[in-house]
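S.K.: Got a sequence here, can you build the structure:
(2 chains)
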Amino acid sequence: MPNGTDTHAPDRLAMLQCVYEDNRRLGERRRRPRLRLRLLPHSRRRSSWALLGITLVFGPALGYLGPSVLVDGQETELSSALQAPPPHPELLQPVQSGHNLTYSPFIPAELDFAVLAAPGQFPGTKPGSWSDFDMLLRDDHSPLTAVFGLDVKTIVIDPGHGGTDPGAIGAKGTMEKDIALDIALRLRDRLLSSSHYKILMTRDADSTLRLNQRVEFANENQADLFVSIHVNAFPDVRVKTIETYYFGAPPDPAAIELAKLENTDSQYGMADFKTMIKKIAHTMKHQESAALATSIQHSLFHNIHKLEHRMRNFGVKTAPFVVLLGVDAPSVLAEISCITNVDEEMKLNTPAYREKIASFLEKGVQEYLRHKQSQTAGDNSYERQKNG
Amino acid sequence: MNGKKMDDSTLKIGIDLGTSRSAIASSDEHREWVESYVGWPKDFIAQKVLGKPVLLGEQALSNRLSLDICRPLERGVIKEGTTRDEEAVKELIRYLVDLMEKKEDRKVHAVVGVPAESFTANKLAIKRAVSDYVDSLMVTSEPFAVAYGQNLLNNAMIIDIGAGTVDFCIMHGTIPSEDDQRTVLTAGDYIDQQLFNALSERYPNADFNINMVRRFKEEHSFVGTAKGKVEVDFPVNGKMTPHDITEEMRCACESVVQPIVETTLELVSRFDPEYQDQIMSNIVLSGGGSQIRGLADRLQQSLRENGTCHMRCIEDTLFAGADGALALARDMPEEFWETV
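M.R.: Down below sits the predicted model:
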């Protein structure tokens, strides 16, 4: 027997008992019915995207008028008309889906434009006839949070996927849900130790959460910021990118045309007060989400690019992700890496790399918060410092 | 291992299922290993030529053109939902257990080492694959099995550098929890891929494949200063030509240094600060990757930048996992063995 080093003679029997107990638990799991992860049948997938589309179309509209409505398409069957494939697949946008390197379901983006005008654009206004209200919404230099002196108290971190939903899976079997959770936990620990904010997690274990549960969690806990962490997947395995999303319709000529049509009448009165309040909330969320996304993307990309020169910057984007739509607070979705790239997958499996990503995310969030504080305080020292 | 009286009616075995090689050790003092390759003849003709329905190890590798060949233990575990891989692992286990030449009426109790952070599903898949050939079995973390076999149970760290994974495990007098263990994928296969990429870039007209690159690595791997030029032969336009691959070999092998250093520091830094120094003074490298010339010294040198570090390599890397699993099987009280 090789020379040992243990001077305190550890209790071998206790160790053997632990091995036995571990195996016994494994045996018990084995006797339970196994959960099989598989893609939805094709028809179910189609109904899923259709329902998500409906959620996107009517969700915001209902949000303007009263409490939000959540549509759960999990067990719902649609009529055959609604199950038909989308008429313009080229206009579809990918949404986060927990399935193995697939891009389904899709959201018909053009429908989304019907209710989501450009930020700061109040339905019923046209350029040249801006009121004080319009000016307030459109002032890029004075975000509404600064105007109203609003501060951040609670940050919700949302590790994507989880439980029965593995998210994307890399060639070596690495699951998006595990990477997202690990980085989210590291980000939580970092923010807890470096700031006074209340940090909450939508999940802190390998548990299944639907999108609406994540949204409800954030809203019920009065989140001031919402950061969702995901890992990208591409059919082209050479691609390694970083990108950060916030909610909104992607730029498209159709949106501009639609906005023109909606801007035909600039008159509104006291009866529009409720809608104006909603609009302020919407604009504020949009402004802050964009600022947070920019800060996170900047920190992630510039720091990771120093380590990996082939990393590509896909930038800050808008996309109609359901989880970003439903959360009341400014919210972003960061795609921190590409699990389909084997190099990246390998690196994501090292705790040190995950810790680095968490630190870059933290820097992005902290930078945004510092900038916000300087705006709220009304000083421009931050800008001076930033500009050297 | 602890001198307990052996029960002759039961054969105890320890198995180390590896991505590259699998090893078995039995209480009859019998040890065997096999390259973790399994191949089935592609068609009727191939089966007739080869004369066997399934080939394993070196035999499978050398006849790979006639076979549907499979290396089932990616990262040391069976890929979930891949029935062919599960089938291949069964064949490997059957082959290894058959090598133990057990008598018909003798029971077999086995302990199988799996990577440290192996998910439950993988452990279950391995259990399924093994259970057809043994009467009772347990799975345990591979580095823990190594630590147990080497009697490194207190204030030590095992770094098991395999082909598919590098497993880290801190031992502190009790069975390691999840927080005491890490698995990273920058292991032997990763080096192979880096070397393959570098050679493809430097010698675009040369013909070689990943198996050849793996052989080059096993023969010439090193980090730090080269002892001489590393020259290997591979064909260019059908003609075997010598190529200097010294720098490519060094770069590929050194690509795993940083991840191992960072993971070690990360794992140790989360441990009780009072004991961190003792752990850093007792790091043991195991697995095939620990045989890379200069690796232990380089790791030790890098880790010393952060304080104390003493590192050594296990001598019999091929059987350290299987021996450790066997030690567990031997010491395991009879009442803990349950029929599968």
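S.K.: Spell out which residues of the stretch 201-350 of chain A are next to chain B.
M.R.: A:342, A:345-347, A:349-350 (C-beta under 8 Å from any C-beta of the partner chain). Where C-beta positions appear, they are placed from N, C-alpha and C, glycine not excepted.
S.K.: Which ones among those map onto helices?
M.R.: A:342, A:345-347 (DSSP state H).
S.K.: ok, so of the residues you listed, who is nearest chain B?
M.R.: Nearest to chain B out of those is residue A:346 (C-beta to the nearest C-beta; 4.8 Å).
S.K.: Test my guess that the closest one contacts residue B:189.
M.R.: No: under the criterion of C-beta atoms under 8 Å, residue A:346 makes no contact with residue B:189, lying 9.4 Å away.
S.K.: Who has more neighbours out of these two?
M.R.: Remark: of residue A:346 and residue B:189, residue A:346 carries more neighbours, 25 against 22, as counted by other C-beta atoms under 10 Å in any protein chain shown.
S.K.: The residue of the stretch 251-388 of chain A found nearest chain B and residue A:307: what is the separation?
M.R.: Ranking the residues of the stretch 251-388 of chain A by distance to chain B (C-beta to the nearest C-beta) places residue A:352 first, at 3.1 Å. Applying C-beta to C-beta, to the nearest Å, the value for residue A:352 to residue A:307 is 11 Å.
S.K.: Determine which two of the ones in helices among the residues of the stretch 201-350 of chain A next to chain B are furthest apart.
M.R.: With C-beta to C-beta as the measure, no two of these lie farther apart than A:342 and A:347, at 9.8 Å.
S.K.: In terms of neighbours, single out the busier of those two.
M.R.: Neighbour totals were compared for residue A:342 and residue A:347, and residue A:347 leads with 23 against 19 (other C-beta under 10 Å).
S.K.: Contacts only, for that one.
M.R.: Counting by C-beta atoms under 8 Å, 6 or more residues apart in numbering or on different chains, residue A:347 makes contact with A:308, A:337, A:353, B:186, B:259.
S.K.: Do you know the pLDDT at the first one?
M.R.: Residue A:308 is assigned 81 on the pLDDT scale.
S.K.: how about low-confidence regions in the chain?
M.R.: Just so you know, I chose chain A. Along chain A, the model assigns pLDDT under 70 to residues A:1-10, A:26-150, A:248-281, A:320, A:322, A:375-388.
S.K.: was after chain B, sorry
M.R.: Residue ranges of chain B with pLDDT under 70: B:1-8, B:74-82, B:102, B:116-122, B:340.
S.K.: Which stretches in the stretch 151-300 of chain B count as strands?
M.R.: Secondary structure of the stretch 151-300 of chain B by DSSP state E, counting those that start in this stretch: the strands cover B:154-161, B:166-172, B:181-184, B:231-236, B:239-244, B:283-286.
S.K.: swap in chain A?
M.R.: With strands called from DSSP state E, chain A shows them at A:92-94, A:106-108, A:154-159, A:198-201, A:225-232, A:241-247, A:312-319, A:331-338.
S.K.: What strands line up against the fifth one, and which way round?
M.R.: Neighbouring strands of strand A:225-232 in its sheet, by DSSP bridges, are strand A:154-159 (parallel), strand A:331-338 (parallel).
S.K.: now those as JSON lines including mean neighbour count?
M.R.: Output for the strands paired with strand A:225-232, formatted as JSON lines (neighbours: other C-beta atoms under 10 Å in any protein chain shown):
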{"stretch": "strand A:154-159", "mean neighbour count": "25"}
{"stretch": "strand A:331-338", "mean neighbour count": "27"}
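S.K.: nearest to residue B:225, of those strands?
M.R.: strand A:331-338 (34.4 Å).
S.K.: angle of that closest one against strand A:241-247?
M.R.: 170 degrees (axes from the mean of the first three to the mean of the last three C-alpha atoms, to 10 degrees).
S.K.: Tell me which residues are up against stretch B:333-340.
M.R.: For stretch B:333-340, contacts defined as C-beta under 8 Å, 6+ apart pick out A:13, A:16-17, A:19-20, A:24, A:27, B:7, B:109, B:127, B:131, B:134-138.
S.K.: which of the residues you listed count as buried?
M.R.: Among the contacts of stretch B:333-340, those classed as buried by 16 or more other C-beta atoms under 10 Å in any protein chain shown are A:16, A:19-20, B:109, B:127, B:131, B:134-138.
S.K.: Need the max-distance pair from the residues you listed.
M.R.: Taking C-beta to C-beta as the measure, the buried ones among the contacts of stretch B:333-340 span a maximum distance of 20.3 Å, between A:16 and B:131.
S.K.: got the contact list for the closest residue to chain A within the stretch 1-150 of chain B?
M.R.: Residue nearest to chain A within the stretch 1-150 of chain B: residue B:138 (4.5 Å; C-beta to the nearest C-beta). The neighbours of residue B:138, taking C-beta under 8 Å, 6+ apart as the test, are A:19-20, A:23, B:110-112, B:328-329, B:332, B:336-337.
S.K.: Point me to the helix or strand that includes it.
M.R.: Assigned by DSSP states H and E, residue B:138 belongs to strand B:136-141.
S.K.: follow-up on the earlier one: looking at residue A:352 and residue A:307, which is more packed in?
M.R.: More crowded of residue A:352 and residue A:307, by other C-beta under 10 Å: residue A:352, with 19 against 11.
S.K.: Could you check how far the more buried one is from residue A:359?
M.R.: Between residue A:352 and residue A:359 the computed distance is 11 Å (C-beta to C-beta).
S.K.: got it, and residue B:237?
M.R.: Distance from residue B:237 to residue A:359, by C-beta to C-beta: 50 Å.
S.K.: Off-centre distance for the strand holding residue B:138?
M.R.: What separates the centre of strand B:136-141 from the centre of its chain is 16 Å, taken as C-alpha atoms, centre = their mean, to the nearest Å.
S.K.: hmm, the next helix or strand after that strand touching chain A?
M.R.: As assigned by DSSP H and E, the chain's next helix or strand after strand B:136-141 is helix B:142-149. Yes: applying C-beta under 8 Å from any C-beta, one finds helix B:142-149 in contact with chain A at residue B:148.
S.K.: list the buried ones in helix B:142-149?
M.R.: The neighbour-count check on helix B:142-149 (16+ other C-beta under 10 Å) flags B:142-149 as buried.
S.K.: Show me what it is packed up against.
M.R.: Applying 3 or more C-beta pairs under 8 Å, 6 or more residues apart in numbering or on different chains; DSSP states H and E, one finds that helix B:142-149 makes contact with strand B:10-16, strand B:107-114, strand B:154-161, strand B:166-172, strand B:283-286, helix B:317-331.
S.K.: For my notes, please list the ones you listed in JSON lines and give distance to residue A:182 for each entry.
M.R.: JSON lines is the format used below for those (distance: least, C-beta to C-beta, whole Å):
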{"stretch": "strand B:10-16", "distance to residue A:182": "27"}
{"stretch": "strand B:107-114", "distance to residue A:182": "20"}
{"stretch": "strand B:154-161", "distance to residue A:182": "20"}
{"stretch": "strand B:166-172", "distance to residue A:182": "15"}
{"stretch": "strand B:283-286", "distance to residue A:182": "24"}
{"stretch": "helix B:317-331", "distance to residue A:182": "26"}
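S.K.: The helix of greatest length in chain A packs against which elements?
M.R.: As assigned by DSSP H, the longest helix anywhere in chain A is helix A:273-307. The helices and strands touching helix A:273-307, judged by 3+ C-beta pairs under 8 Å, 6+ apart, are helix A:42-65, helix A:132-138, helix A:144-147, strand A:225-232, strand A:241-247, strand A:312-319, strand A:331-338, helix A:351-376.
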